[in-house]
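S.K.: structure, please.
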Amino acid sequence: MFRTRRLRKTENIRRLVRENKLSVDDLIYPLFIEEGENIETEIVSMPGIYRFSLDKISKELDEVVALNIPAILLFGIPALKDEEGSETWNDEGIMQKAVRFIKKNYPSLYVITDVCFCEYTSHGHCGIIHDNDVDNDATLPNIAKQVIAQAKAGVDMVAPSGMMDGMVQTIREALDNTGFPNIPIMSYAVKYSSAFYGPFRDAADSAPTFGDRRTYQMDPSNRDEALREATFDDQEGADILMVKPALSYLDIIRDVKNNFDRPVATYNVSGEYAMIKAAAQKGWIDEERVMMEALLSMKRAGADIIITYFAKDVAKVLMRK
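M.R.: Numbering: from 1, shown residues only. Down below sits the predicted model:
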């Protein structure tokens, strides 16, 4: 008789034959930086996650460094918004100030910036609006201005999230032509128009004031289209390909992993985080076990990198083991 249970008998043998393992080296921790002073505001729909002003961020960054989390992903919340999101390329804008502060005071941290406009525009969409829709080609020059400003501030990597056609090529050319050829691009190559983003819009004040983002983010029904999107970004020079969200798109993570010789990232998004937190607060689930199982499923699907609000919690669990 085949007895596959032989290799499950004790914890030591389970450890020896375990196919996938989570490591702190897999993790990127998102941070929300708000312009202003004395701000440390918990996001109601994301327990344990805060918006910080720069004068209040050090305690959080100290903990990230102490937990040996290698990288952070920054989202900026400006004091001023306009139709174009011009604060994104202001050298004194919140993102640029945050990059300079962190690189000066926490040089060991790898700093990644979100490249988008929804937090910075008065309408909450990811680019220039013409005829009640985002004008893809009119938005690309502003993307270039945004990444150049971030590069000058000292960012280590940029992560374009707006799903504009041609955004990776625009960014690669902008960086190469301004003396920053070594800054890599982690592209949100496959980003679905998902209901799981709801709490993030509370966190970043980025809800659109009209319509939705289905004309530029992907239809959740589509699988083959994901490979087309990833192919374009790969050909345009993306260094890392991301799939977002994670848990409802594990098949897409595996497809991208199987078809591209690039590191694959996934974003364990706000709604996925909030559901686990809410169920745990109700006493319906074991938060730690469900958290670890959820992230392990992303590794098993093929993710090399996981962007997650659970990063600090996961790091603490791993330190105990």
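S.K.: from what I see, K257 and A265 are in contact.
M.R.: No: with contacts defined as CB atoms under 8 Å, K257 does not count as touching A265, sitting 10.7 Å away. All C-beta atoms are positioned from the backbone trio N, CA, C, and that covers glycine.
S.K.: give the residues shared as contacts by these two.
M.R.: Residues touching both K257 and A265 by CB atoms under 8 Å, 6 or more residues apart in numbering: A303.
S.K.: quick one: which of the two has more around it?
M.R.: A265 (27 against 19; other CB atoms under 10 Å).
S.K.: tell me, what's the model's pLDDT at that one?
M.R.: Looking at A265, its pLDDT reads 98.
S.K.: can you check C116 too?
M.R.: pLDDT recorded at C116 is 87.
S.K.: right, and it touches G162 too?
M.R.: Yes: at 4.6 Å, C116 and G162 qualify as touching, with contact defined as CB under 8 Å.
S.K.: overlap in contacts of the two?
M.R.: When contacts are counted by CB under 8 Å, 6+ apart, C116 and G162 are jointly contacted by C126.
S.K.: between these two, which has more neighbouring residues?
M.R.: Taking neighbours as other CB under 10 Å, C116 and G162 compare with C116 leading, 28 against 24.
S.K.: check contacts around that one.
M.R.: With CB under 8 Å, 6+ apart, C116 has these contacts: 126, 160-162.
S.K.: widest-spaced pair of those?
M.R.: Greatest spacing in the contacts of C116, by CB to CB: C126 and P160 (9.9 Å).
S.K.: count of residues packed around P184?
M.R.: With other CB under 10 Å as criterion, P184 counts 17.
S.K.: list the contacts of the nearest residue to it once chain neighbours are set aside.
M.R.: If the residues on either side of it in the chain are set aside, P184 comes closest to D239, at 3.8 Å by CB to CB, 6 or more residues apart in numbering. Applying CB under 8 Å, 6+ apart to D239 gives the contacts 157, 184-186, 262-263.
S.K.: could I have the CA atoms of stretch 253-267 written out in CSV?
M.R.: Output of stretch 253-267 as CSV, limited to C-alpha atoms (Å, rounded to 0.1, in the frame of the first residue of the first chain):
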residue,chain,number,x,y,z
ILE,A,253,0.1,34.3,-10.4
ARG,A,254,0.9,30.7,-11.5
ASP,A,255,0.3,31.6,-15.2
VAL,A,256,2.7,34.6,-15.0
LYS,A,257,5.3,32.5,-13.1
ASN,A,258,5.2,29.8,-15.7
ASN,A,259,5.4,32.1,-18.7
PHE,A,260,8.0,34.8,-17.7
ASP,A,261,11.6,34.6,-16.7
ARG,A,262,11.1,37.5,-14.2
PRO,A,263,10.6,37.7,-10.5
VAL,A,264,6.8,37.7,-9.8
ALA,A,265,5.3,39.9,-7.1
THR,A,266,1.7,39.9,-5.8
TYR,A,267,-0.2,42.3,-3.6
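S.K.: go through it and flag the buried ones.
M.R.: Neighbour-count burial for stretch 253-267 flags 253-257, 260, 262, 264-267 (criterion: 16 or more other CB atoms under 10 Å).
S.K.: what about the strands in this protein?
M.R.: Per DSSP state E, the chain carries strands over the ranges 27-34, 40-42, 50-52, 71-77, 110-115, 129-130, 133-134, 157-160, 186-191, 240-244, 264-268, 305-308.
S.K.: take these and lay them out in CSV including distance to L227.
M.R.: Converted to CSV, the strands of the chain look like this (distance: least, CB to CB, whole Å):
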stretch, distance to L227
strand 27-34, 24
strand 40-42, 39
strand 50-52, 36
strand 71-77, 25
strand 110-115, 23
strand 129-130, 30
strand 133-134, 23
strand 157-160, 19
strand 186-191, 8
strand 240-244, 10
strand 264-268, 13
strand 305-308, 19
